[in-house]
Every structure is written in C-alpha cells, then in structure tokens.
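A.B. asks: dropping the sequence and predicted coords here.
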Amino acid sequence: MTERTIVTIAEGPVTRLGQLVLAGEVIDSEPIMSPALRVMDAYVLSVLIDGEGNYRDADGRAERITAGAHTLVPPGFPHTYHTDPGERWTELFAVFTGPIFDALPHLTGAGPRYPTPQPSVEALRTVLRAPPKTRRAAEHQLMALADWLVDVEDTTTEDVSMEIMDAMTRLADDLTASTDLAAIAAEAGLSYDTFRRRFAKQVGQTPAAFRNVRRLQAAATLLRLTDLTHREIARTLGFADEFHLSRRFRTHFGVAPRDYRRT
C-alpha cells in the first residue's frame with residue numbers, strides 16, 4: 001500500500017447547519033501532528049482503522065489508542081493524538097462545526113471511544129469522499145455526517161454478549177449483503193438458529209433485519225450525496241435490482257428513493 005494522506009474536502013461551503021472544514025484519510029502513513037497540545041476552533045473526528053498511537057489532553061487523560069478508536073474532540077479543547085515516532089496508521093478524519101453538531105450532546109466530551117457496534121467506516125467514507133457541488137448538497141452532507149455521528153455514542157451494555165457485539169460490528173459495516181449469516185454464527189460458536197434467537201433477544205432485531213436497516217441507511221446517504229443511478233446504488237448494496245431497492249426503501253422511510261433524492 002502506498003503511504004499517503006488524501007484531503008477530500010477543504011473549506012466546504014458555510015451553511016446554516018455548519019461547515020465541513022476539512023476531511024480526508026491518512027493511509028498507512030505517519031500523521032502530520034505535533035505531540036504538543038493543540039486547540040481547534042471546530043470539532044475533530046478521527047476514526048482509527050489500522051495501527052495504534054497515543055491520545056493526550058488538557059484534562060490529564062493520556063492513553064493508548066488502537067484500531068476501532070473513534071476520537072472526538074469539541075472546539076477549543078487542548079489535545080493531541082499521534083503515532084509513535086516512525087510508526088504509521090490508517091485513519092479517516094474530519095474537522096467540522098455548526099449548530100447541527102452542537103445539538104449532539106455526546107460530542108461535548110473529549111477523547112477516544114469504542115462504540116459497539118461500530119458505525120460503518122464505508123458509510124463515513126461515502127459521506128466524506130468529495131466536496132459538495134451546491135450549498136444544498138453541503139447541508140445534506142452535514143446531515144449525513146451528523147446522522148453517522150449519532151452511532152458513535154458508546155452503546156455497549158451488559159445485556160449484549162461479546163459474540164453478539166462482534167456480529168453487530170460486522171453486520172454494521174456490511175454494505176453489500178454478501179456476508180454469510182450462517183458463517184457469522186459459526187464463528188461465534190453457535191448454530192444459526194441459536195445465533196438468530198440470541199441476536200434478536202439482545203438487539204431487538206434479527207441479524208437480517210439489522211443488516212437491512214444499515215443497507216437502507218447507506219442507500220439514503222448515496223441518494224443524497226452522489227449522482228449514482230438507482231440501479232447503481234442497488235447493485236452496490238446488493239439489492240436484486242432498483243425495483244427491489246425502491247420497495248424496501250419506501251417501506252422503511254415512507255417515501256420513494258426518487259422523491260427522497262429531490263427533497
């Protein structure tokens with residue numbers, strides 16, 4: 001893999017909802033960041049995909065961060081996070097501001113967290129992958145990011161077993177419907193029927209329903225933020241065709257994909 005840092009968005013449009021100031025990805029590289037505490041006038045998000053490093057802030061919090069860490073820092077709070085000298089990692093990052101994010105109470109606390117299940121990394125990539133072409137598209141992008149951040153709040157409970165947590169994480173990041181549910185059950189050491197019953201009891205949805213909701217949420221993001229046709233979105237997310245996607249989308253959201261895209 002080539003070492004590189006990709007900036008996908010820089011100084012996005014200022015809107016009534018806020019602004020996406022900076023976004024991109026560090027790929028198998030050393031982040032360009034001083035070990036000294038820094039202060040940003042916007043929210044900072046780092047999702048560590050591979051590798052490990054260190055987090056430190058003005059409250060005296062200092063800890064090792066590993067893959068799966070979602071580090072969130074509110075505006076004006078001194079902090080730093082980085083690899084050890086000469087080490088590399090892969091992360092998605094975003095710097096953003098605005099009232100739509102001020103309304104999310106869990107963004108006021110600083111530091112790494114490990115939400116379970118983890119929000120889809122691919123969905124975040126989709127949200128951050130390109131600058132919006134219009135101010136309206138910029139607002140849709142901010143709403144999509146805020147929607148994604150809702151799932152960053154740590155939802156781990158003692159009522160969810162470790163094997164079900166692992167399964168939730170895998171299903172939450174499956175945007176193609178290609179994952180074999182029986183294989184996930186086997187990896188958890190359970191028969192499929194037992195796995196399905198335990199998942200439904202602990203999560204409140206069957207594994208298939210949980211995955212399908214995530215796929216439909218991804219479809220909504222693609223409709224808002226891309227020019228992909230309905231057929232291309234259906235193919236990307238593993239639906240049989242655009243008509244199958246349309247039926248499922250209308251049932252879940254109460255509106256057809258075509259009308260949703262126009263709003």
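C.D. replies: That came in fine, so what should we check first?
A.B. asks: could you list the low-confidence segments of the stretch 51-200 of the chain?
C.D. replies: Low-confidence segments of the stretch 51-200 of the chain, defined by pLDDT under 70: 154-158, 174, 177.
A.B. asks: what about the strands in the stretch 101-250 of the chain?
C.D. replies: 111-113 (DSSP state E, counting those that start in this stretch).
A.B. asks: all the helices of it, residue numbers only.
C.D. replies: With DSSP state H, counting those that start in this stretch, the ranges of helices along the stretch 101-250 of the chain come out as 121-128, 135-150, 162-172, 181-187, 192-203, 207-225, 230-236, 242-253.
A.B. asks: residues of stretch 227-242 that come out buried?
C.D. replies: 230, 233, 234, 235, 236, 237, 238, 239, 242 (16 or more other CB atoms under 10 Å). Using the backbone N, CA and C atoms, a C-beta is placed for each residue, glycine as well.
A.B. asks: of those residues, which is the nearest to residue 150?
C.D. replies: Closest approach between the buried residues of stretch 227-242 and residue 150, by CB to CB: residue 237, at 20.5 Å.
A.B. asks: contacting residues around the closest residue to residue 208 other than its chain neighbours?
C.D. replies: Among residues not flanking residue 208 along the chain, residue 181 sits closest, at 6.6 Å (CB to CB, 6 or more residues apart in numbering). Listed by CB atoms under 8 Å, 6 or more residues apart in numbering, the contact set of residue 181 reads 192, 195, 196, 207, 208.
A.B. asks: next up, the contacts around the second one.
C.D. replies: Meaning residue 195. Residues counted as contacts of residue 195 (CB under 8 Å, 6+ apart) are 167, 181, 184, 185, 188, 207.
A.B. asks: out of those, which are buried?
C.D. replies: Taking 16+ other CB under 10 Å as the criterion, what is buried in the contacts of residue 195 is 167, 181, 184, 185, 188, 207.
A.B. asks: how far away is the second one from residue 167?
C.D. replies: As for residue 181, its distance to residue 167 is 9 Å (criterion: CB to CB, to the nearest Å).
A.B. asks: ok, now the third one?
C.D. replies: Distance from residue 184 to residue 167, counting by CB to CB: 5 Å.
A.B. asks: so what sits against both of these two?
C.D. replies: By CB under 8 Å, 6+ apart, residue 184 and residue 167 have these common neighbours: 195, 207.
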